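1. fold the following.
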Amino acid sequence: GTVVAMVGGTDYKTTPFNRATQANRQPGSAFKLFVYLAAMQAGMRPGDTVDDSPLQIDDYAPKNDDGRYRGTVSLATAFAASSNVAAVRLAQQVGVPSVIAQARKLGVTTPISEYPAMALGTSPIPLIEMTQAFAALASGRAPVQAHGIAAKAPELPGKINAKDTDSPDWPARAPMLQLLQSAVRNGTGNAARLPIPTYGKTGTTQNYRDALFRPRWPRKASCAANPRRLPPWPRR
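-> Model (predicted):
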């Protein structure tokens with residue numbers, strides 16, 4: 001949980017508000033980490049399939065950002081393409097409470113709404129909590145508590161033991177890492193490909209107001225957010 005670098009604004013004297021720790025932002029598609037992690041925890045694997053076709057839940061009809069619907073696809077394909085309808089379907093299949101439980105397990109403490117759109121990251125979460133979640137997955141231990149380099153990592157009550165999270169006793173971790181790697185190799189995060197193992201998930205918010213990317217390398221996890229107040233541009 002050691003924080004080696006953090007930028008929360010451009011000028012502390014002008015804007016002392018730390019956007020990395022104090023701002024609640026919609027994580028967008030980066031929240032799909034918890035949806036797919038719940039699916040992996042339920043026994044599904046990247047090669048299993050999900051329906052990526054138009055979906056209607058009462059008056060809610062999620063849309064894929066690229067306007068494409070691929071029919072029956074593997075979870076790896078759906079995750080790499082950041083399919084919205086597939087994520088909502090998976091959340092309904094495994095149960096919204098299970099998705100929220102995965103977020104809690106990885107250290108997210110902020111309120112998460114239980115309506116279907118939650119699968120697409122509509123509930124605001126601080127960037128630091130999302131980064132801690134990715135760091136927990138990277139390390140195989142949860143939750144991870146961010147702390148300064150000079151600080152001692154705090155002892156958290158209820159911290160999950162290594163036997164509960166380390167592979168193979170945390171069976172969802174390895175397949176989830178495969179999905180995150182596929183998103184960088186073949187999906188929406190391919191601009192971040194490096195000659196070392198790289199894992200990550202992109203996320204954009206409603207009307208593309210914010211763009212986020214959460215990469216992770218073998219020993220480090222990070223989060224970058226680009227807030228926008230200009231007209232939208234096509235990313236997901």
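
2. find me the pLDDT at the residue nearest to residue 57 when sequence neighbours are not counted, would you?
-> Computed as Cβ to Cβ, 6 or more residues apart in numbering, the closest residue to residue 57 that is not its neighbour in sequence is residue 116, at 5.0 Å. C-beta here means a position set from N, CA and C on the backbone, and glycine is covered the same way. Reported pLDDT at residue 116 in the predicted model: 97.

3. the chain: strands as residue ranges?
-> 2-3, 24-25, 49-52, 71-74, 125-126, 147-148, 199-204, 210-216, 224-227 (DSSP state E).

4. so what's the residue nearest to residue 57 up against?
-> 57, 60, 62, 88, 91-92, 96 (Cβ atoms under 8 Å, 6 or more residues apart in numbering).

5. same check, this time on residue 50
-> So residue 50 contacts 72-75, 78, 86, 89-90 (Cβ under 8 Å, 6+ apart).

6. can you pick the most crowded of the contacts of residue 116?
-> Top of the contacts of residue 116 by neighbour number is residue 91, holding 26 neighbours under the definition other Cβ atoms under 10 Å.

7. and the strands of the chain, which one averages the lowest pLDDT?
-> strand 210-216 - the lowest mean pLDDT of the strands of the chain, at a mean of 45.

8. quick one: pLDDT of residue 19?
-> pLDDT, read off for residue 19, is 71.

9. from residue 106, how far off is it?
-> Separation of residue 19 from residue 106 (Cβ to Cβ, to the nearest Å): 21 Å.

10. more neighbours: the two, which one.
-> Using other Cβ under 10 Å as the criterion, residue 19 and residue 106 rank with residue 106 on top: 23 against 18.

11. count of residues packed around the nearest residue to that one once chain neighbours are set aside?
-> With sequence-adjacent residues excluded and distances taken as Cβ to Cβ, 6+ apart, residue 106 is closest to residue 133, at 3.8 Å. Taking other Cβ under 10 Å as the criterion, the count of residues near residue 133 is 30.
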